[in-house]
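In: Provide a 3D model corresponding to the input given below.
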Amino acid sequence: MAVIPVALSGRSYDVTIERALLGDLATHAAPYLESYRTSARPVPFVADTNTHRLYRDAVDKSLKSAGLRADWFVVEPGEGAKSWAVLERLTDRLLELGVTRTDHVFALGGGVVGDLTGFACAVTKRGCGFVQIPTTLLAQVDSSVGGKTAINTAAGKNLIGAFHQPSAVFIDPVVLETLPDREMRAGYAEVIKYGLLGDAAFFGWLEETGDAVLSRKPEALAHAIATSIEAKARIVAEDERETTGVRALLNLGHTFGHALEAETGFSDRLLHGEAVAAGMVLAARYSARRGDLSEQGAQRAARAIADAGLPSEISAMGLDCSGAKLADHMRHDKKMEGDTLPFLLMREIGHAYLARDVALDDVAAFLDEQMHES
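Out: Down below sits the predicted model:
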């Protein structure tokens, strides 16, 4: 078992990583279940239809052994669940259950479930507790840690939300055995990100060992998850609310990636992790174009992403748009500062930085070049 602290002033919590943890959830999560035990109320769980089908029995059995029972709020998989309508239904349900500010709601699923549950808990009675149990690699190494919660609107993705830290995160790598390969690769993109942005040695390890991670070899997988979480925990502890620019490093690949997601309709045509993967290649190549990163460094980044079976060439995506249109999507990015959009770029493998001198017209021209690369 590994326990990684996320050290925040007054709101520190632990990320626990242990194989087969889900089968003994009531023991691990005992401090967050006590209010339900004393009041004989059901424990609120939020899941999507897939995680509910796969893990309901294990959770129910564990809770039953502790004299508890779950109340399941089940949503459809996908970004459509992060909506005003579903948020309203969830908060109404939490109020019906009598959830108090000292209670905890459990999010069992990927990033969508975690984002929705976290935001619902941020606004219910001005803030109740919640526990993350991420079931995708992407959620385990990224969205479950750090306290960013949100829903989507017609104006864009994750534009309505709040910083609301979980009280605990419980990670069971065994659940990844049921994760589709495509989802596994999408999550692996975020693992690569930690190497590119701040840990050259970890990136080199992934170049050598990435296949074992993607194949779900227990030792390699546990190391990749723990190293990724440790990196994110350090950054979040230093800049919880993204005010100093340090936490912005976690957005490497995301500005380009969100534009690609917007152009493909935030659909299964391009998963979030796939968009981030392509976005990191673009960030590396744009860094090289500016003279910040060597061509060799950009090639290493692109090769590692391609070798993982992730999108590395936007010319192969079949996009029917101009570079200017992709750049225009970026104008709606929540990181816009007046008329300026900071970009995460790279000086070398393991050294990302925030550039505030990037002209979107130049980005548009660069993207036109990339879309016509053969």
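In: Quick check on Lys217: phi, psi?
Out: phi -70, psi 120 (degrees, to the nearest 10).
In: Quick check: longest strand in the chain by residues?
Out: strand 156-163 (DSSP state E).
In: and that strand, C-alpha only, in CSV?
Out: Extracted in CSV, the C-alpha atoms of strand 156-163 (Å, rounded to 0.1, in the frame of the first residue of the first chain):
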residue,chain,number,x,y,z
GLY,A,156,-17.7,25.4,-23.3
LYS,A,157,-16.2,22.7,-21.1
ASN,A,158,-15.6,23.1,-17.4
LEU,A,159,-16.5,26.8,-17.4
ILE,A,160,-18.8,26.5,-14.4
GLY,A,161,-17.1,25.0,-11.3
ALA,A,162,-15.4,25.4,-8.0
PHE,A,163,-12.2,24.4,-6.2
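In: Report all helices and strands that the helix or strand just after it contacts.
Out: Downstream of strand 156-163, the next assigned helix or strand under DSSP states H and E is strand 168-171. For strand 168-171, the packing partners by 3 or more Cβ pairs under 8 Å, 6 or more residues apart in numbering; DSSP states H and E come out as strand 13-17, strand 129-134. (C-beta placed from N, C-alpha, C; glycine too.)
In: Please compute how far the helix or strand bottoming out on mean pLDDT in the chain lies from its chain's middle.
Out: Across the helices and strands of the chain, mean confidence by mean pLDDT, DSSP states H and E is lowest for strand 156-163: a mean of 91. Counting by Cα atoms, centre = their mean, to the nearest Å, strand 156-163 is centred 13 Å from the centre of its parent chain.
In: In it, which residues are buried?
Out: Buried positions in strand 156-163, judged by neighbour count with 16 or more other Cβ atoms under 10 Å: Gly156, Lys157, Asn158, Ile160, Gly161.
In: Surely the third one is in contact with Asn152?
Out: In this case it means Asn158. Yes - counting by Cβ atoms under 8 Å, Asn158 does reach Asn152; the two are 6.5 Å apart.
In: contacting residues around Leu176?
Out: Thr135, Thr136, Leu137, Gln140, Met184, Arg216, Leu221 (Cβ atoms under 8 Å, 6 or more residues apart in numbering).
In: what about 10 Å?
Out: Pro134, Thr135, Thr136, Leu137, Gln140, Glu183, Met184, Gly187, Arg216, Leu221, Ile225 (Cβ atoms under 10 Å, 6 or more residues apart in numbering).
In: same question, Ala222
Out: Residues near Ala222 by Cβ under 10 Å, 6+ apart: Met1, Ala2, Ile17, Glu18, Arg19, Ile171, Pro173, Val213.
In: who wins for most neighbours among these?
Out: Using other Cβ atoms under 10 Å as the neighbour test, those are led by Ile171, with 30 neighbours.
In: That residue bridge partners, please.
Out: Ile17 (DSSP bridges).
In: That one contacts Ile17, correct?
Out: Yes - with contact defined as Cβ atoms under 10 Å, Ile171 counts as touching Ile17 (4.5 Å).
In: where do the contact lists of these two overlap?
Out: Common neighbours of Ile171 and Ile17 (Cβ under 10 Å, 6+ apart) are Ala2, Ile4, Gln140, Ala222, Ile225, Ala226, Ile229.
In: quick one: which of these sit in strands?
Out: Mapping the shared contacts of Ile171 and Ile17 onto strands (DSSP E) picks out Ala2, Ile4.
In: shared neighbours of Asn158 and Asn152, which are they?
Out: Common neighbours of Asn158 and Asn152 (Cβ under 10 Å, 6+ apart) are Glu79, Lys82, Asp115.
In: Chain neighbours aside, what residue packs nearest to the first one?
Out: Nearest in space to Glu79, with sequence neighbours left out and distances taken as Cβ to Cβ, 6 or more residues apart in numbering, is Phe266 at 5.4 Å.
In: From Gly78, how far out is the one you found?
Out: 9 Å (Cβ to Cβ, to the nearest Å).
In: what's Ala306 in contact with, if anything?
Out: Going by Cβ under 10 Å, 6+ apart, the list of residues near Ala306 reads Ala277, Val281, Ser312, Glu313.
In: On the three-state scheme, it is what?
Out: On the three-state scheme (DSSP: H, G, I helix; E, B strand; the rest coil), Ala306 is labelled helix.
In: where's the residue nearest to the spatial centre of the chain relative to Thr149, distance?
Out: Centroid check for the chain by Cα atoms, centre = their mean gives Ser143 as the closest residue, at 3.0 Å. Going from Ser143 to Thr149 by Cβ to Cβ gives 9 Å.
In: Same check on Gly318?
Out: For Gly318 relative to Thr149 (Cβ to Cβ), the value is 33 Å.
In: For those two, work out which one has more neighbours and name it.
Out: Neighbour count, other Cβ under 10 Å: between Gly318 and Thr149, Thr149 has more, with 27 against 8.
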